[in-house]
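1. Build the 3D model from these lines:
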Amino acid sequence: MKRLSVFFLSNGVLVLLLSHGICALQPYFNVLSFDLFVWFCASLYLGAAFVAFAISKHKAQQLLAAKPLKIPSNTAESWLLATVAKQAKLAGIRGPAVAIYDSVDINAFASGLSKHHALIAVSSGLLWRLPTYEAEAVLAHEISHIANADMTRLIMMQGLANVLVVVFAYLLANQFVMPHFQEWVTVAVFIAVIAMGLMLAALAVMWFLRRIEFLADLSGVRLAGGEAMIAALEFLNGVPSPEQPQAALGVAGSIELGVKRLFMSHPLLSERILALKLRH
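-> Numbering: from 1, shown residues only. Here you go, the predicted structure:
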């Protein structure tokens, strides 16, 4: 699943469209103080990050065709609901909604803007292919994402990056380009700087996502135990990579190296295993 790709693409498109609007309204912004302009951008581009997250959440659920699980139809589903409820209570949050989607992949992801109004979607492969105590560790990782408010933190960080990029581009275009070049050149520079800035911001956000994966592992240990978390990650590390899609705030990680590694949302599973072993 490429939910993060949808998030970043949606965010980038929204930012560029809104920035085009700023270009059209530039004469009005020139009469505003810089402080007011920054506050305007903050509300606008934080909103863009929120909308991008909402789009990615809807798209992910649509692609996966995840079905809400309220009444269990077998022992595995009963165990899933009971385990999520137990771990949520231990983490001090309201039990999230649970959904299942059909896939042989071993995966799960958390979603939601509030600790007390969230969703955990689990693949059918996770239920049937993982031993119970390892599956419990995977769920603990997802519960930790919710308890740590990681989705909200992601939106806030992306929104802040949006604001910084746009304000920098606006200052550069108005202070250094506009006095010396025609208006169309100023607009082109403004948009080009934003596009490049968003790419650099994506690197920072990906670094942030990799850090919260480590933190979710550590928090999950308190819910399911260190041995179970390590065993689950070691199992996943042995599964062929095509079965481990990159999920937003999920358990699976990419194993791509080189330059692409900078754009990974998850650390290597081997790195996560090592981090846990050093602490336990």
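
2. Select the helix or strand of the protein having the lowest average pLDDT value.
-> Least confident helix or strand, the chain: helix 26-29 with a mean of 56, by mean pLDDT, DSSP states H and E.

3. I'd like the next helix or strand past that one.
-> helix 34-64 (DSSP states H and E).

4. and the helix or strand following that next one, which strands flank it?
-> Following helix 34-64 in sequence order, the next helix or strand is strand 67-68 (DSSP H and E). Next to strand 67-68 in the sheet, as set by DSSP bridges, lie strand 97-101 (antiparallel).

5. any idea how far the strand it pairs with is from the chain center?
-> Distance, stretch centre to chain centre, for strand 97-101: 18 Å (Cα atoms, centre = their mean, to the nearest Å).

6. and the direction of it versus that of helix 34-64, what angle?
-> Relative orientation of strand 97-101 versus helix 34-64 (axes from the mean of the first three to the mean of the last three Cα atoms, to 10 degrees): 50 degrees.

7. which residues touch strand 97-101?
-> With Cβ atoms under 8 Å, 6 or more residues apart in numbering as the contact definition, strand 97-101 has outside contacts at 61, 64-69, 77, 80-81, 84, 118-124, 127. C-beta: built from backbone N, CA, C; applies to glycine.

8. and the next helix-or-strand element following it, what does it pack onto?
-> Scanning forward in sequence from strand 97-101 by DSSP H and E, the next helix or strand is strand 108-114. Identification of packing neighbours for strand 108-114 by 3 or more Cβ pairs under 8 Å, 6 or more residues apart in numbering; DSSP states H and E yields helix 34-64, strand 117-123, helix 132-147, helix 150-172.

9. which of the residues in strand 108-114 are buried?
-> 108-112 (16 or more other Cβ atoms under 10 Å).

10. tell me which of those residues is nearest to Ala173?
-> Proximity of the buried residues of strand 108-114 to Ala173 was ranked by Cβ to Cβ; the top entry is Ser111 with 36.7 Å.

11. sorry, back to before: any idea which of the helices and strands packed on strand 108-114 gets closest to Gly238?
-> helix 132-147 (11.9 Å).

12. got the angle between that closest one and strand 108-114?
-> Using the same axes, to 10 degrees: helix 132-147 against strand 108-114 is 20 degrees.

13. buried stuff in helix 132-147?
-> Result for helix 132-147 [16+ other Cβ under 10 Å]: buried residues 134-147.

14. before we move on, what about stretch 116-136?
-> 118-127, 129-130, 134-136.

15. Also stretch 94-108?
-> Applying 16+ other Cβ under 10 Å to stretch 94-108 flags 95-101, 103, 105-108 as buried.

16. Other residues contacting stretch 75-82?
-> 69, 72, 98, 100, 122, 127-128, 132, 139.

17. Quick one: low-confidence residue ranges for this protein.
-> Scanning the chain for pLDDT under 70 picks out 1-6, 20-34, 57-58, 60-63, 177-181, 183-184, 239-260, 280.

18. go with 50
-> Scanning the chain for pLDDT under 50 picks out the ranges 1, 241-248, 254-256.

19. give the contact list for the closest residue to Ala99 other than its chain neighbours.
-> Of all residues not flanking Ala99 in the chain, Ala66 sits nearest, at 3.9 Å (Cβ to Cβ, 6 or more residues apart in numbering). By Cβ under 8 Å, 6+ apart, the contact set of Ala66 is 99-101, 121.

20. Looking at those residues, which is nearest Ala49?
-> Ala121 (21.6 Å).

21. Relative to Ala66, how far out is that closest one?
-> Distance of Ala121 to Ala66, computed by Cβ to Cβ, to the nearest Å: 5 Å.

22. Likewise for Gly112?
-> Distance from Gly112 to Ala66, by Cβ to Cβ: 13 Å.

23. Please apply the same query to Val189.
-> Relative to Ala66, and taking Cβ to Cβ, Val189 is found at 43 Å.

24. again, but for Ala169
-> Applying Cβ to Cβ to Ala169 and Ala66 gives a distance of 38 Å.

25. Check Leu113 too.
-> 18 Å.

26. swap in Ser144?
-> 20 Å.

27. what secondary structure does Glu234 sit in?
-> helix (DSSP: H, G, I helix; E, B strand; the rest coil).

28. Turn the contacts of stretch 75-82 into CSV, including distance to Ser265.
-> Formatted as CSV, the contacts of stretch 75-82 follow (distance: Cβ to Cβ, whole Å):
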residue, distance to Ser265
Leu69, 26
Pro72, 31
Val98, 23
Ile100, 23
Val122, 19
Leu127, 24
Trp128, 26
Thr132, 27
Leu139, 19
